[in-house]
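# A structural model of the following input is requested.
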Amino acid sequence: SKAGPELLSTCIPSVVACTPKLWRLCEQQNVVRSTVLYMLKVLVGGTGAPPEGRFLPFLLGIIEWCLSSIGGGRTRTEDDEHSYLHNSAIELWLAAVQNASVLTKECYQLFNKCWYPLACNDLSDQNESYVEGCLSLVGSYALASPPEFVDGKLAGQLLSCIKAISKASSYRLVNYSCAVDNLLSDLCILNPQVIMKGFGPYISKIIQDVVQRDAQQPKSGMMRNSQMTQLVVCNHFHLLARVVITFPQPMIDLLCNAYKAQPQTVVNLLKCWISTFMTTMVSRSSRSRCRMNAAALAVLMKIPVPALASNCLNDVLRATAAALEKKSEFSIESSGRTLPREEEKRRQIMERKDPCETLDLSRFVVRVLKEACEVHGPQMREALKQNDTFRRLLSSAEN
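Presented below is the predicted three-dimensional model:
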């Protein structure tokens, strides 16, 4: 793995030639076979997975063979003799996709043939490598594919996966919940329309969960028994912020309906969001994420709930000022893992498409709050006139 791609690439023909024989010799020894898969994963990380030649088709064939026993109603538990093989095959598959310069027709055929059986298993009964691998595969394929890759069928299966994950043991839910939010946040950039169409129930659920958590009234949900950590809350709000900025009116409509069902929901949501922003996000989240959250809070001031102007306006402006003062993109929320080169290139392309990255926060907040005045009338106009932060924002936006 330290020899460099040029030297390692000379090994590929020998590996392709000898691995089938080695595989047959290890029959009924799946622990040993998983070591072979790990060796292939290291080789992929060092050389990449070029679409031309025999290496990528060879890898996809082995992965398909390893995963072919999954599905058909068979439930795989962690002590299953095939668990080593399945987990290693998923890791190799992810490495192949993340290191491939182009996804071939065979890559998509493998996804359609093997991912759905993987995802149809009861994910609450699987280990972390299995579950996070299933989610990561969707993310990596989506990064390398046209927007329509995440279609209605895939969105429906993902939503079923999310519901199954919510039944997993509580100590796993933190990682699972963050992985789901990060995936949906990426999809919101790559294929925005699928989020509100396919994942509206999940968006509604996390709103309900954070409000319940803040009120210390835990009920069944994504994070049960008050196990929702501050990390999970922050990730929920990062996702909500991106969805609010991408779909402002549908989110306002959704929260209007929530207000009709339970009047305190909207005010409690914003109070919890602002509190989390000031106590946690400002110190641990990146500058771009802080600005995204501040912008989303401003958008939600357009919700026609009278209590917002009196209870939340000053705090929203205070959050905006804090976001503008933050200079560093450093974030302790980052995993710190180095991405494969091809995956990193795709992520950079995605980030250049992200409207939140180019957001002029001062102008955006001024414009949105002026629109909010049309909703709330003289009370908000007067409050904005008296607010020093808004006057500074107005001056900055006009310059």
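# Find the nearest non-adjacent residue to residue 147, please.
residue 191 (4.1 Å; Cβ to Cβ, 6 or more residues apart in numbering). Every C-beta, even on glycine, is put in place using the N, C-alpha and C of the backbone.
# What distance do you get for the one you found to residue 137?
16 Å (Cβ to Cβ, to the nearest Å).
# Next: residue 326.
34 Å.
# sorry, back to before: these two touch, right, the residue nearest to residue 147 and residue 142?
Yes. Using Cβ atoms under 8 Å, residue 191 is in contact with residue 142, at 7.4 Å.
# what do those two both touch?
The contact sets of residue 191 and residue 142 overlap at 149, 150 (Cβ atoms under 8 Å, 6 or more residues apart in numbering).
# what comes up buried for the top helix by length along the chain?
Taking DSSP state H as the criterion, the chain has its longest helix at helix 170-190. For helix 170-190, the neighbour count (16 or more other Cβ atoms under 10 Å) marks 172-174, 176-190 as buried.
# For that helix, name the packing helices and strands.
helix 128-143, helix 152-165, helix 192-198, helix 200-214, helix 230-246, helix 341-353 (3 or more Cβ pairs under 8 Å, 6 or more residues apart in numbering; DSSP states H and E).
# Indicate which one of the ones you listed is closest to residue 278.
helix 230-246 (12.1 Å; Cβ to Cβ).
# helices and strands around the closest one, which ones?
Helix 230-246 packs on helix 170-190, helix 192-198, helix 200-214, helix 248-261, helix 264-276, helix 287-300, going by 3+ Cβ pairs under 8 Å, 6+ apart.
# change it to 7 Å
Secondary-structure packing of helix 230-246 (3 or more Cβ pairs under 7 Å, 6 or more residues apart in numbering; DSSP states H and E): helix 170-190, helix 200-214, helix 264-276, helix 287-300.
# ok, and what's touching it?
174, 177-178, 181, 184-185, 188, 192, 195, 203, 206, 210, 213, 223, 251, 273, 276, 280-281, 285, 289, 292-293, 295-296, 299-300, 333, 355-356 (Cβ atoms under 7 Å, 6 or more residues apart in numbering).
# picking that back up, want to try JSON lines for the helices and strands packed on helix 230-246, with distance to residue 154 and mean pLDDT as columns?
As requested, the helices and strands packed on helix 230-246 are exported to JSON lines (distance: least, Cβ to Cβ, whole Å; pLDDT from 0 to 100):
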{"stretch": "helix 170-190", "distance to residue 154": "10", "mean pLDDT": "89"}
{"stretch": "helix 200-214", "distance to residue 154": "14", "mean pLDDT": "88"}
{"stretch": "helix 264-276", "distance to residue 154": "29", "mean pLDDT": "92"}
{"stretch": "helix 287-300", "distance to residue 154": "26", "mean pLDDT": "94"}
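# Adding distance to residue 369, write these out as CSV.
Output for these, formatted as CSV (distance: least, Cβ to Cβ, whole Å):
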stretch, distance to residue 369
helix 170-190, 24
helix 200-214, 22
helix 264-276, 14
helix 287-300, 6
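# Residue 18 in helix, strand or coil?
Secondary structure, DSSP: H, G, I helix; E, B strand; the rest coil: residue 18 is helix.
# any weak-confidence spans in the stretch 251-399 of the chain?
329-336, 399 (pLDDT under 70).
# Apply 90 and report the result again.
260-265, 279-280, 282-287, 306-311, 324-341, 353, 355-359, 377-383, 385-399 (pLDDT under 90).
# same check, this time on the stretch 51-200 of the chain
51-58, 66, 68-87, 119-130, 151-152, 163-178, 193, 196-197.
# in stretch 306-313, what counts as buried?
Buried, per 16+ other Cβ under 10 Å, within stretch 306-313: 308, 309, 312, 313.
# Would you mind writing the CA trace of the strand or helix carrying the first one as PDB?
Spelled out, that is residue 308. Following DSSP states H and E, one finds residue 308 within helix 307-311. What follows is helix 307-311, C-alpha atoms only, in PDB (Å, rounded to 0.1, in the frame of the first residue of the first chain):
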ATOM      1  CA  ALA A 307     -45.100  34.800  18.700                       C
ATOM      2  CA  LEU A 308     -42.100  34.600  16.400                       C
ATOM      3  CA  ALA A 309     -41.500  38.400  16.100                       C
ATOM      4  CA  SER A 310     -41.500  38.900  19.900                       C
ATOM      5  CA  ASN A 311     -39.800  35.700  21.000                       C
END
